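In: For reference, the sequence and a predicted model appear below.
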Amino acid sequence: MPLVEVEARFEYVPGRPAFEGRFEAGEGFTVVVGPNGAGKTTLLHLIAGVAVGRLEGRVSVLGADPYRDHWVKRYIALARQEPVSF
């Protein structure tokens, strides 16, 4: 069973998907790479439960939904290149 699962379509702006697809990560080291605008940051925001927009599908971290099960957020760290407040 993967530790992180995302199978979703997410839109910040209606009709313009910022992420659409499937992602799984298990134990060990995972690298997310791709060109600008591919949805890497959006994927990480979905996993952290901080993306605000229209979400269809599901996000699971340790079997919990980071948007509903807030206890799981203590196991998630999101380090940004630039300082921001959520």
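Out: Noted; the coordinates are in hand.
In: All the strands of this protein, in order from the start?
Out: Using DSSP state E, the strands of the chain run over 4-13, 16-25, 54-61.
In: wait, which of those strands is closest to residue 81?
Out: For the strands of the chain, proximity to residue 81 was assessed by CB to CB; strand 16-25 is nearest, at 18.2 Å. Any C-beta I mention is one placed from the backbone N, CA and C, and that applies to glycine too.
In: Tell me what angle the closest one forms with strand 4-13.
Out: Here strand 16-25 runs at an angle of 170 degrees relative to strand 4-13 (axes from the mean of the first three to the mean of the last three CA atoms, to 10 degrees).
In: Pull up the pairing partners for strand 16-25, direction included.
Out: Looking at strand 16-25 with DSSP bridges, its partner strands are strand 4-13 (antiparallel).
In: From the rest of the structure, what touches the partner strand?
Out: Applying CB atoms under 8 Å, 6 or more residues apart in numbering, the contact partners of strand 4-13 are 17-25, 42-43, 46-47, 51-61.
In: Tell me, please, where in this structure the pLDDT is lower than the cut-off.
Out: Scanning the chain for pLDDT under 70 picks out 84-86.
In: Redo the strands of the chain as a markdown table? Include mean neighbour count and distance to residue 69.
Out: As requested, those are exported to a markdown table (neighbours: other CB atoms under 10 Å; distance: least, CB to CB, whole Å):
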| stretch | mean neighbour count | distance to residue 69 |
| --- | --- | --- |
| strand 4-13 | 16 | 14 |
| strand 16-25 | 15 | 18 |
| strand 54-61 | 16 | 9 |
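In: and those strands as TSV, adding distance to residue 70?
Out: Formatted as TSV, the strands of the chain follow (distance: least, CB to CB, whole Å):
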stretch	distance to residue 70
strand 4-13	17
strand 16-25	21
strand 54-61	11
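In: And those strands: which comes nearest residue 74?
Out: Nearest to residue 74 among the strands of the chain is strand 54-61 (10.8 Å), distances taken as CB to CB.
In: For that closest one, enumerate the helices and strands it packs against.
Out: Secondary-structure packing of strand 54-61 (3 or more CB pairs under 8 Å, 6 or more residues apart in numbering; DSSP states H and E): strand 4-13, helix 40-48.
In: Just want the angle from the longest one to helix 40-48.
Out: The reference is to strand 4-13. 120 degrees.
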